[in-house]
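# How does the following fold in three dimensions:
(chains A and B)
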Amino acid sequence: NAGVTQTPKFQVLKTGQSMTLQCAQDMNHEYMSWYRQDPGMGLRLIHYSVGAGITDQGEVPNGYNVSRSTTEDFPLRLLSAAPSQTSVYFCASSTPGQGTETQYFGPGTRLLVL
Amino acid sequence: GDSVTQMEGPVTLSEEAFLTINCTYTATGYPSLFWYVQYPGEGLQLLLKATKADDKGSNKGFEATYRKETTSFHLEKGSVQVSDSAVYFCALRQGNNRLAFGKGNQVVVIP
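Next comes the predicted model:
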């Protein structure tokens, strides 16, 4: 049971480039989310999904796209990278229901946009 | 909207000292509350949680009590170790299991 996995661990991009951050979970969790972590800002929600085919925006969605074609995978796409997107990105998964709402986080992807 | 406020600044203390990290929240109703911990170079791990008022969450010697009167969920540990050095985040659960996080507190424990 690998839990939540993220690739790559580290990426350097030039302004304007696009890329996809991968996230996968093997716990059959319905809910998945993407957060970004910036110094002094805590974690902020980018996008989330409550099941395959269903996604919604979080607090800071601009510049990012997501899709959820399977329960296991929830990729995050940067359409045209900007220096403001330099951050550490965390994917998380969980199941719905009172008492089972603990989120499990991946190890993160550190992104540097030059 | 929902929000979480943590005390400002890093916390530096000596081994075996008492640790308190303050957390207050603003929310509609009584959401589940969490403390997550992030060790250097790693992702976040759940440290403890409380799902209703007056509940006490505890784990690894850490405790936090859900106080609806003061809308607080302060984290405490009686005797810290060097291995407790990490960043600690307070969070509350929103709809669809979304989390609203505080800004986090860096804790450094000196031998």
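# only C-alpha atoms for contact and neighbour calcs from this point on.
Noted.
# Sheet-wise, list the partners of the strand ranked longest in chain A with their directions.
Longest strand in chain A, counting residues (DSSP state E): strand A:42-51. Here strand A:42-51 has these sheet partners by DSSP bridges: strand A:31-38 (antiparallel), strand A:54-57 (antiparallel).
# Mean pLDDT and mean neighbour count added to the ones you listed, as JSON lines?
Output for these, formatted as JSON lines (pLDDT from 0 to 100; neighbours: other Cα atoms under 10 Å in any protein chain shown):
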{"stretch": "strand A:31-38", "mean pLDDT": "95", "mean neighbour count": "24"}
{"stretch": "strand A:54-57", "mean pLDDT": "96", "mean neighbour count": "16"}
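# Report the beta-bridge partner residues of A:Ser94.
Going by DSSP bridges, A:Ser94 forms beta bridges with A:Tyr31.
# give the contact list for it.
A:29-32, A:100-104, B:97 (Cα atoms under 8 Å, 6 or more residues apart in numbering or on different chains).
# Show the buried residues in those residues.
Among these, the ones that count as buried by 16 or more other Cα atoms under 10 Å in any protein chain shown are A:29-32, A:101-104, B:97.
# In the contacts of A:Ser94, find the pair that's most separated.
Spatial extent of the contacts of A:Ser94 (Cα to Cα) is set by the pair A:Met32 and A:Thr100 at 13.8 Å.
# Up against chain A, what does chain B have?
Neighbours of chain A within chain B, by Cα under 8 Å from any Cα of the partner chain: B:42-46, B:51, B:89, B:96-104.
# what about A:Gly16, distance to B:Thr51?
A:Gly16 sits 44 Å away from B:Thr51, taking Cα to Cα, to the nearest Å as the criterion.
# who's more crowded, the two?
The neighbour comparison of A:Gly16 against B:Thr51 (other Cα atoms under 10 Å in any protein chain shown) goes to B:Thr51, with 19 against 14.
# so the more buried one touches B:Trp35, yeah?
No: using Cα atoms under 8 Å, B:Thr51 is not in contact with B:Trp35; the gap is 11.9 Å.
# Residue numbers of chain A in contact with chain B?
So far as Cα under 8 Å from any Cα goes, chain A lies against chain B at A:31, A:33, A:40-45, A:48, A:50, A:90, A:94, A:96, A:99, A:101-108.
# My read is that A:Glu30 contacts A:Pro96, right?
Yes: using Cα under 8 Å, A:Glu30 is in contact with A:Pro96, at 7.2 Å.
# contacting residues for the residue nearest the centre of chain A?
Nearest to the geometric centre of chain A sits A:Trp34, at 2.8 Å (Cα atoms, centre = their mean). Shown in contact with A:Trp34 (Cα under 8 Å, 6+ apart): A:45-48, A:76, A:89-92.
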